[in-house]
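Visitor: no sequence on this one, just coordinates:
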């Protein structure tokens, strides 16, 4: 029996226990954006370290960060003549609001319809646990690994990884490898594996618009004093044309159009627009004029209003003219766009729209990342296509991803390390939304694919050190 066969047998025989592992991991309310969950993040870091130790990894460490959740690392480095794979994931999760839209409590995992429902089931606890289980299966079944591995699991990805770069810089020797592997994205469809070859970047802004010094009676002052919510709405509406083009001067200066080959690759995918729209409950797309849905979400930049509020928002009526209006904004970026440059241009444009009736405070929070795109003919991609296609019994396709994984660009910049992005979420996994879930057949089959991947990477050429 080969090493792969022994490892797959181990996975099959341990399926029940691995499901228990999964559900226990999801019970930690490790929300990185809310201060009240700091103790939960610390407990989840401890549990993550315990999972790595149980899998058979050595040098498991919890690295406290000043001002942020701990980073957890673990490694197996007993094959000096073979490649080293850095496996990245995150144990923090998004907030659960609106809580009333969850069918079951978000941190009490519920199994139904071949799915586990809980916050973090897909993003990213379920996916990083697949890698931990794959490495465990190989170690326990064969006694060694075909490649060296390093796990790097952080606790602030969902807030832009503001401390990650300093951690990478301070731990170059601990983390240096030949290839990074990350599972924090999606498959093309159920039973249809995919390799993600591009990620959009991200930059965020927060703005506060102040009018009168306090909330005012809308009957006594309405019509004479500018309403900050209305002023903000007019300003933000001015960012885009009716055709969806972003009107910030210089916003598109560094955007490179998709090549004909890339457009052909997208057109060849079995994409059904009405199914895509129906899955999220809308009747029509809202793309920038002249661009398809796939090009719009994978390869075009965006400007989004993520939240906007002010005045009275509770039940009932309170007729006030608010003193302040606030908004959270984000821009998804494409290759060659600089987060800093786009933030500066956006802030300058919004300031230029400000009327004399209000004052504007706007700033860029920590975090963010440039976009990145890989050639899809890398040797590691060939190993992944073979591993996933064999496991799922379906051709593996190359796709883009509209979201952002900050560490991918950092690894390229700091270590000259390419990243293999293998996602196991499905279209209805609902990451960042109520009723987030992970499809269990995909969880099990994907883990088998990762076992094959680590074996097939054994012969990959080592890269030069960055």
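Guide: Arrived safely. Worth saying up front: this structure is predicted, and the values here are computed from it rather than measured.

Visitor: give the buried residues for stretch 314-324.
Guide: By 16 or more other CB atoms under 10 Å, the buried positions in stretch 314-324 come out as 320-324. For glycine as for every other residue, the C-beta is placed from the backbone atoms N, C-alpha and C.

Visitor: let me redo that: stretch 290-304
Guide: Quick answer for stretch 290-304 (16+ other CB under 10 Å): 292, 294-303.

Visitor: what do you get for stretch 234-254?
Guide: 235-236, 239, 244, 246, 248, 251.

Visitor: and the residues you listed, which is closest to residue 443?
Guide: Ranked by distance to residue 443 (CB to CB), those are led by residue 244 at 36.9 Å.

Visitor: sec struct for the closest one, please.
Guide: coil (DSSP: H, G, I helix; E, B strand; the rest coil).

Visitor: how about it, nearest residue that isn't a chain neighbour?
Guide: residue 288 (3.9 Å; CB to CB, 6 or more residues apart in numbering).

Visitor: neighbours of the one you found, how many?
Guide: 16 (other CB atoms under 10 Å).

Visitor: check residue 395 too.
Guide: Neighbours of residue 395 under the rule other CB under 10 Å: 12.

Visitor: look at it and report its pLDDT.
Guide: For residue 395, the pLDDT comes out at 95.

Visitor: if you count neighbours, what's buried in stretch 3-13?
Guide: Applying 16+ other CB under 10 Å to stretch 3-13 flags 3-4, 6-8, 10-11 as buried.

Visitor: and of those residues, the nearest to residue 405?
Guide: residue 11 (26.0 Å).

Visitor: check the contact between that closest one and residue 138; I expect there is one.
Guide: No - using CB atoms under 8 Å, residue 11 makes no contact with residue 138, being 9.7 Å away.

Visitor: overlap in contacts, those two.
Guide: residue 451 (CB atoms under 8 Å, 6 or more residues apart in numbering).

Visitor: identify the residue nearest residue 43 in space, chain neighbours excluded?
Guide: Per CB to CB, 6+ apart, closest to residue 43 is residue 28, 6.0 Å.

Visitor: please, where are all the strands along the stretch 201-350 of the chain?
Guide: 201-210, 216-217, 304-310, 320-321, 324-333 (DSSP state E, counting those that start in this stretch).

Visitor: turn those into TSV, including distance to residue 20 and mean pLDDT.
Guide: Output for those, formatted as TSV (distance: least, CB to CB, whole Å; pLDDT from 0 to 100):
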stretch	distance to residue 20	mean pLDDT
strand 201-210	35	97
strand 216-217	57	97
strand 304-310	36	97
strand 320-321	52	96
strand 324-333	37	98
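
Visitor: residues in contact with residue 138?
Guide: 3, 7, 144-146, 451, 454-455.

Visitor: nearest to residue 16 among the buried residues of stretch 314-324?
Guide: Once CB to CB is applied, the member of the buried residues of stretch 314-324 that ends up nearest residue 16 is residue 324, at 53.7 Å.

Visitor: quick one: contacts for that closest one?
Guide: 208-211, 228, 310.

Visitor: what does residue 47 give?
Guide: Counted by CB under 8 Å, 6+ apart, residue 47 has contacts 24-25, 28.

Visitor: list just the nearest of these to residue 122.
Guide: Of the contacts of residue 47, the one sitting nearest to residue 122 (CB to CB) turns out to be residue 25, at 12.5 Å.

Visitor: residue 383 reaches residue 461, doesn't it?
Guide: No - in this structure, residue 383 is not within contact of residue 461 by CB under 8 Å, at 11.3 Å.

Visitor: ok, those two, which is more surrounded?
Guide: The residue with more neighbours, out of residue 383 and residue 461, is residue 383; 21 against 8, by other CB under 10 Å.

Visitor: quick one, phi psi at that one?
Guide: phi -60, psi -40 (degrees, to the nearest 10).

Visitor: which residue is the nearest non-sequential neighbour of it?
Guide: Nearest to residue 383 is residue 456, by CB to CB, 6+ apart, at 4.0 Å.

Visitor: which helix or strand contains that neighbour?
Guide: helix 440-456 (DSSP states H and E).

Visitor: try residue 5
Guide: Taking DSSP H and E as the definition, one finds residue 5 inside helix 3-13.

Visitor: now do the buried residues in the strand or helix carrying residue 42.
Guide: Using DSSP H and E, residue 42 sits within helix 38-55. With burial defined by 16+ other CB under 10 Å, the residues of helix 38-55 counted as buried are 40-42, 44-45, 47-49, 51-52, 55.
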